[in-house]
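Novice: predicted model follows, preceded by the sequence.
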Amino acid sequence: MRYTVFMPFLATTLTELYDQEIWQPDFIVVSADAYVDHPSFGAAVVARLVESQGFSVAVLAQPVTNEDFKSLGEPKHAFLVSTGVVDSMVNNYSVSLNRRTEDVYSENGKMGRRPDRVCEVYCKALKKLFPDSPVIAGGIEPSLRRLAHYDYWSNSVRHSIVYDAPADLIIYGMGEVPIMELCHYAKRNVPLDKVKDIKGTAYLTDIHAAHTPVKQAILENDTQKFRLLSSYARVVSDKKIYAKAYIEAKNANRNKGLIQKQDNEKYVVVNAPPQPPTTKLLDFVASLPYMRTYHPMYQHVPAIEEVQFSVTAHRGCFGDCSFCALNYHQGKAISHRSDESILAEIETITQLNGFKGYIHDVGGPSANFHVGQCSMTQKGGSPCVEQTCIGHKPCKNLNASHTAYINLLRKARAIKGVKKVFVRSGVRFDFCNMDTTGEFLNELAAHHISGQLKVAPEHVSDNVLRLMNKPPHAEYIQFSKNFQRATRRAGKEQYLVPYFVSSHPGCTLKDAAKLTEFLMELRYMPLQVQDFYPTPGTLSTTMYYTETDPRTGEKLYVAKTKEEKAMQRALMQYRMDKNRGLVVKALKLAGREDLLKQL
């Protein structure tokens with residue numbers, strides 16, 4: 001298997017379309033990111049996948065004015081809005097709500113090409129200018145906002161995004177399977193704004209226009225096909241109801257859709273999720289003729305640097321960390337590519353300009369979650385939703401074999417022209433600990449890191465780790481010892497770089513001081529600290545908003561004021577002179593004056 005690399009970029013102007021004798025494109029992909037024709041960018045994947053089905057596709061990247069939106073005309077079938085690799089609000093604002101100064105997904109990293117709430121802005125503009133053209137939106141932004149959700153930036157509960165963004169349909173999660181179904185409808189010339197039954201999609205309707213199964217669910221409260229959640233009005237009025245609705249949605253049956261009433265007798269209908277993409281489909285998507293770089297109309301797009309020489313080996317994550325939206329977006333089941341597909345892509349990368357022999361990553365959301373590890377998942381095709389696979393307490397059915405991933409890495413580093421294959425997408429250290437053979441960690445230490453391995457213990461307080469659904473602190477200590485042994489065995493000098501989060505819901509000043517004590521023992525102070533960022537769709541965000549653990553109803557302390565957050569952050573950067581006053585105050589409030597002697 002060999003991939004084609006040097007193919008033309010997709011058309012971005014009318015002139016380019018006309019040069020190909022295309023007078024009206026079948027689809028126009030409207031991208032919130034600069035046009036980077038690489039499989040790590042959702043807009044490129046969607047565009048190339050649609051093109052592979054025999055349609056003409058044009059790309060409209062980061063439009064700002066009405067003239068920009070009109071520059072490619074009106075598509076025959078639909079506008080496909082790709083809202084970007086990163087949520088626009090996260091991309092535009094820091095956790096302290098300060099405007100960021102760089103957008104690595106735009107030309108030269110400049111801000112200003114991506115509006116706040118880009119999904120709403122793009123959909124409204126397209127519907128105003130092209131009222132008869134279907135608009136279908138996808139990406140992480142609409143995916144995580146498909147139901148009523150707490151919005152950190154406005155400090156309010158907002159409607160489902162399809163209430164505010166006039167898309168005819170949104171695609172949630174990883175979109176390949178729904179996109180393929182939409183293409184099947186388009187081939188039959190079915191108007192795509194009339195298609196409402198595709199799994200992995202959501203839309204807005206009223207009871208008069210609703211399909212029969214939806215009407216039945218609304219009138220009967222619950223049916224075999226749909227579950228009715230508490231309405232927007234109810235979740236806004238009561239945080240307990242909000243928390244209950246979140247848990248109901250998170251634990252929903254994979255074969256059931258969800259319905260939630262918004263305002264004005266409008267209902268958002270979230271169809272059941274599709275089956276995860278097969279290995280065959282992922283291999284096909286990876287083999288499409290990407291140019292693997294940014295369009296020549298740009299001087300540079302910084303985001304390419306992280307991914308140009310990297311390979312995505314799998315999708316999905318069964319980690320279920322409370323603060324992470326990946327599980328909600330990509331799903332719990334692991335979908336992996338074949339070794340042949342991955343190795344073929346690496347061979348292609350070795351021929352790219354600028355390649356110096358180093359594959360920067362072969363991984364996914366968690367690199368060593370390479371294949372589905374639960375026999376129940378593999379047989380049934382969909383994961384258990386009631387239990388947690390791994391986290392504070394791993395499931396007894398979890399199979400921690402790393403054999404398939406080890407074999408892949410060995411094959412990858414044997415490819416001609418490859419000097420080293422790094423694993424940079426992060427490894428789950430608790431999952432490594434479960435591999436009692438130690439083979440993977442030995443392999444990792446000997447061949448796949450360069451001096452430092454970044455890991456994410458997140459905290460040291462077992463109470464905070466329980467709320468995060470992360471393993472107890474003892475697991476990290478054990479991994480650290482195992483890593484040191486593996487490093488010595490490899491005859492190398494290598495170090496762990498732990499990553500911690502401050503101000504997670506449930507983290508008190510005493511918990512934060514405990515982390516300070518641990519950092520002092522290590523004689524380590526992180527140069528950068530990440531405050532907990534409440535983003536839509538996560539359990540931790542629900543904890544932040546409701547100040548409870550929605551699974552148990554337990555009341556939680558939540559650091560919300562600037563001073564509370566600043567003290568927890570300062571305790572992690574205890575050596576900095578500018579933090580001394582905050583550190584002293586925080587340690588006194590925590591009853592840990594004993595640590596002041598060590599400053």
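Specialist: That came through fine. Numbering: from 1, shown residues only.
Novice: gap between the residue sitting nearest the centre point of the chain and I334?
Specialist: Against the mean C-alpha coordinate of the chain, by C-alpha atoms, centre = their mean, the closest residue is L326 at 4.2 Å. Look at L326 and I334: by C-beta to C-beta, to the nearest Å, they are 12 Å apart. In short, each C-beta sits where N, CA and C put it, glycine included.
Novice: what do those two both touch?
Specialist: Here L326 and I334 have C317 as joint contacts, going by C-beta atoms under 8 Å, 6 or more residues apart in numbering.
Novice: stretch 438-455: which residues count as buried?
Specialist: Neighbour-count burial for stretch 438-455, with 16 or more other C-beta atoms under 10 Å as criterion, is recorded at 438, 440-445, 448-449, 453, 455.
Novice: my error: substitute stretch 583-594 in the last question.
Specialist: By 16+ other C-beta under 10 Å, the buried positions in stretch 583-594 come out as 583, 586-587, 590, 592.
Novice: next: stretch 296-312.
Specialist: Applying 16+ other C-beta under 10 Å to stretch 296-312 flags 298, 301-304, 307-312 as buried.
Novice: so what's the backbone phi/psi at the residue nearest to the centre of the chain?
Specialist: Main-chain torsions, L326, degrees, to the nearest 10: phi -60, psi -40.
Novice: and the gap between it and R523?
Specialist: L326 sits 33 Å away from R523, going by C-beta to C-beta.
Novice: do the same with V118
Specialist: V118 sits 44 Å away from R523, going by C-beta to C-beta.
Novice: tell me which of the two has more neighbours.
Specialist: Between V118 and R523, counting by other C-beta atoms under 10 Å, V118 is the more crowded of the two (29 against 7).
Novice: state the distance from the residue lying closest to that one once chain neighbours are set aside to V121.
Specialist: With sequence-adjacent residues excluded and distances taken as C-beta to C-beta, 6 or more residues apart in numbering, V118 is closest to S88, at 4.0 Å. From S88 over to V121 the distance is 9 Å, taken as C-beta to C-beta.
Novice: what touches both of the two?
Specialist: Contacts common to S88 and V121, judged by C-beta under 8 Å, 6+ apart, are P115.
Novice: hang on, the earlier thing: if we take the buried residues of stretch 296-312, which one ends up nearest to D263?
Specialist: Nearest to D263 among the buried residues of stretch 296-312, counting by C-beta to C-beta, is A303 at 37.5 Å.
Novice: surely that closest one meets E107?
Specialist: No: counting by C-beta atoms under 8 Å, A303 stays clear of E107, with 10.6 Å between them.
Novice: hang on, isn't F431 packed against A400?
Specialist: Yes: the criterion here is C-beta under 8 Å, and F431 meets it with A400 at 6.0 Å.
Novice: of these two, which one has the most company?
Specialist: F431 (24 against 18).
Novice: what's the pLDDT at that one?
Specialist: Listed pLDDT for F431 reads 92.
Novice: and E220, by the same measure?
Specialist: 80.
Novice: okay, now it: neighbour count?
Specialist: Number of residues near E220 (other C-beta under 10 Å) recorded here: 10.
Novice: can you check I179 too?
Specialist: Neighbourhood size, I179 [other C-beta under 10 Å]: 21.
Novice: tell me which element it falls in.
Specialist: Here I179 sits within helix 176-187, counting by DSSP states H and E.
Novice: could you list the buried residues of that helix?
Specialist: In helix 176-187, counting by 16+ other C-beta under 10 Å, buried: 176-183, 185-186.
Novice: and which of these is nearest Q530?
Specialist: The nearest member of the buried residues of helix 176-187 to Q530, counting by C-beta to C-beta, is E176 at 30.8 Å.
Novice: tell me the spacing between the closest one and L182.
Specialist: Applying C-beta to C-beta, the value for E176 to L182 is 11 Å.
Novice: and stretch 530-546, end to end?
Specialist: For stretch 530-546, the first and last residues are 22 Å from each other (C-alpha to C-alpha, to the nearest Å).
Novice: cool, stretch 287-304 as well?
Specialist: Using C-alpha to C-alpha, the two ends of stretch 287-304 sit 19 Å apart.
Novice: average pLDDT for the helix ranked longest in the chain?
Specialist: Ranked by number of residues, the top helix in the chain under DSSP state H is helix 473-490. Per-region confidence: helix 473-490 scores 96 on mean pLDDT.
Novice: so how far is it from its chain's centroid?
Specialist: 29 Å (C-alpha atoms, centre = their mean, to the nearest Å).
Novice: about what we covered before: contacts for the helix holding I179 next, please.
Specialist: Outside helix 176-187, the residues touching it (C-beta under 8 Å, 6+ apart) are 26-27, 45-46, 49-50, 53-55, 77-78, 136, 138, 171, 192, 195, 198-201, 274-275, 277, 281-282, 285.
Novice: ok, V362 - how many residues close by?
Specialist: Residue crowding around V362 was assessed by other C-beta under 10 Å; the count is 27.
Novice: one more: K196?
Specialist: Using other C-beta under 10 Å as the criterion, K196 is surrounded by 17 other residues.
Novice: doesn't it fall inside a helix?
Specialist: No: secondary structure assignment (DSSP: H, G, I helix; E, B strand; the rest coil) places K196 in coil, not in a helix.
Novice: not counting sequence-adjacent ones, nearest residue to it?
Specialist: Closest residue to K196 apart from its sequence neighbours, by C-beta to C-beta, 6+ apart: Y203 at 5.7 Å.
Novice: neighbouring contacts of the helix or strand harbouring A586?
Specialist: Here A586 sits within helix 580-589, counting by DSSP H and E. Helix 580-589 is contacted by residues 509, 512-513, 516, 566-568, 570-571, 574, 593, 595-596, 599 when judged by C-beta under 8 Å, 6+ apart.
Novice: so how far is that helix off the chain centroid?
Specialist: Centre to centre, stretch against its chain (C-alpha atoms, centre = their mean), the figure for helix 580-589 is 36 Å.
Novice: quick one: average pLDDT of it?
Specialist: Regarding helix 580-589, the rounded mean pLDDT is 93.
Novice: also stretch 324-331?
Specialist: On average, stretch 324-331 scores 81.
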